[in-house]
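**Student:** What shape does this take:
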Amino acid sequence: MIYSTIIIAFHVRGYSLMIINNVGYNHNHDADFFINRPKGSGDFLLLLLKTDALFTLNGKNIKVDKNSLFIYKKGTPQYYRCIPQEIFSNDWIHFLFENDEEQEFLSRGIPYDTPIKIDNLYFLSFCIKSLAYETYSTNLYKNDNIYKYMFLMFNKISEELNNNSTIIPGTYYEMLSTIRNKIYSRPYELRTIESTAHEVRMSKSNFQLQYKKHFGVSFIQDLINSKMEYAKKLLLCTNLSISSISKQCGYKHYAHFTRQFKKNNGVTPMEYRRSKG
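**Tutor:** Numbers count the residues shown, from 1 in each chain. Predicted coordinates for the structure are as follows:
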């Protein structure tokens, strides 16, 4: 069963949200199935594998077991195919993030371009099936429902990653994920590339390379993002002054905090507080 050429722009509180280009549920391919997209598909691609498959990653062919998930980042070459003389079965979603959605996704610690073993494949497949059927419904809140199905899946994937060693061996994910969780749980702590690379016993250059590869964002930008998310929570949920909030987020200089906030959010901290009040 395939659902294709579906363009869905969600609108919540006046903002355009996630775009779903097409969806496939429980689709079986013949033994000659082969995807060859040197420039990717022009969007993000989530694959839920129900059979074993062969992937080409960084020039190497690897076998990815069934009951695995794979999310191609936009622009990543896509090469995957059947195991010789076997069928290929999967669910898939082609989608695009809008506004701050990608940052929200990345904060869950889910890596791009990396096979992830999934314990509860049935539940994720159910979500994809529901997402596809919801698209053709006349339900009053179908757009909101589809958006929430996507992030429900992301939440469940993140929970599996945090509760189990679900990343296929041979990656730095577990070690880097620990660092990322520290950044987002304690954004006020003073950190540098050098000190954090030393913490995980990696060279500075390799640490930066692997961090960007696994999370799709540089370490420094992710550090800033964690501070910005914390600042926005304090702005909305407390009566602290902007100066106090800048200190709570680990900034020594108030002016630096306000410049960085406006650069990342398009408005000053005070404007953000007023607009959400």
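**Student:** leaving aside the residues next to it on the chain, what's closest to residue 253?
**Tutor:** Nearest residue to residue 253, sequence neighbours excluded (CB to CB, 6 or more residues apart in numbering): residue 246, at 7.9 Å. (Glycine included, C-beta is placed from N, CA and C.)
**Student:** just checking, next helix/strand downstream of the strand or helix carrying that neighbour?
**Tutor:** Secondary structure from DSSP states H and E places residue 246 in helix 242-248. The helix or strand immediately downstream of helix 242-248 is helix 254-265, counting by DSSP H and E.
**Student:** contacting residues around that next one?
**Tutor:** 224-225, 227-228, 231-232, 242-243, 245-246, 249, 251, 267-269, 272 (CB atoms under 8 Å, 6 or more residues apart in numbering).
**Student:** Now do the buried residues in the helix or strand following it.
**Tutor:** Moving toward the C-terminus from helix 254-265, the next helix or strand (DSSP H and E) is helix 269-276. For helix 269-276, burial by neighbour count (16 or more other CB atoms under 10 Å) applies to 269, 272, 273.
**Student:** thinking again about what came up before, give me the buried subset of the contacts of helix 254-265.
**Tutor:** Among the contacts of helix 254-265, the ones that count as buried (16+ other CB under 10 Å) are 224-225, 227-228, 231-232, 242, 245-246, 249, 251, 269, 272.
**Student:** Between these, which sits nearest residue 145?
**Tutor:** residue 232 (25.8 Å; CB to CB).
**Student:** list the contacts for the residue nearest to residue 253?
**Tutor:** Contact analysis of residue 246 by CB under 8 Å, 6+ apart lists 231, 253, 254, 257, 258, 269.
**Student:** likewise residue 238?
**Tutor:** residue 245.
**Student:** Quick check: phi and psi on it?
**Tutor:** For residue 238, the backbone dihedrals (degrees, to the nearest 10) come out as phi -130, psi 170.
**Student:** Look up phi and psi at the nearest residue to residue 94 once chain neighbours are set aside.
**Tutor:** Residue nearest to residue 94 in three dimensions, not counting chain neighbours: residue 21, with 4.1 Å by CB to CB, 6+ apart. Per-residue torsions, residue 21: phi -80, psi -50 (degrees, to the nearest 10).
**Student:** returning to what we had before: out of the contacts of helix 254-265, which one sits closest to residue 88?
**Tutor:** Nearest to residue 88 among the contacts of helix 254-265, with distances taken as CB to CB, is residue 225, at 36.7 Å.
**Student:** Just the buried positions in whichever helix or strand residue 127 is part of, please.
**Tutor:** According to DSSP H and E, residue 127 maps onto helix 121-135. Under the neighbour-count criterion of 16+ other CB under 10 Å, helix 121-135 has 121, 124, 125, 127, 128, 129, 131, 132, 134, 135 buried.
**Student:** One more: stretch 18-26?
**Tutor:** In stretch 18-26, counting by 16+ other CB under 10 Å, buried: 18, 19, 20, 21, 22, 23, 24, 25.
**Student:** average pLDDT across stretch 206-220?
**Tutor:** Averaging pLDDT along stretch 206-220 gives 88.
**Student:** ok, back up a step: would you reformat the buried residues of stretch 18-26 as TSV and include distance to residue 36 and pLDDT?
**Tutor:** Below are the buried residues of stretch 18-26 laid out as TSV (distance: CB to CB, whole Å; pLDDT from 0 to 100):
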residue	distance to residue 36	pLDDT
18	27	81
19	24	86
20	24	88
21	19	89
22	18	90
23	21	90
24	18	88
25	23	89
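**Student:** Tell me the one of those residues nearest residue 88?
**Tutor:** Nearest member of the buried residues of stretch 18-26 to residue 88, counting by CB to CB, is residue 24, at 11.7 Å.
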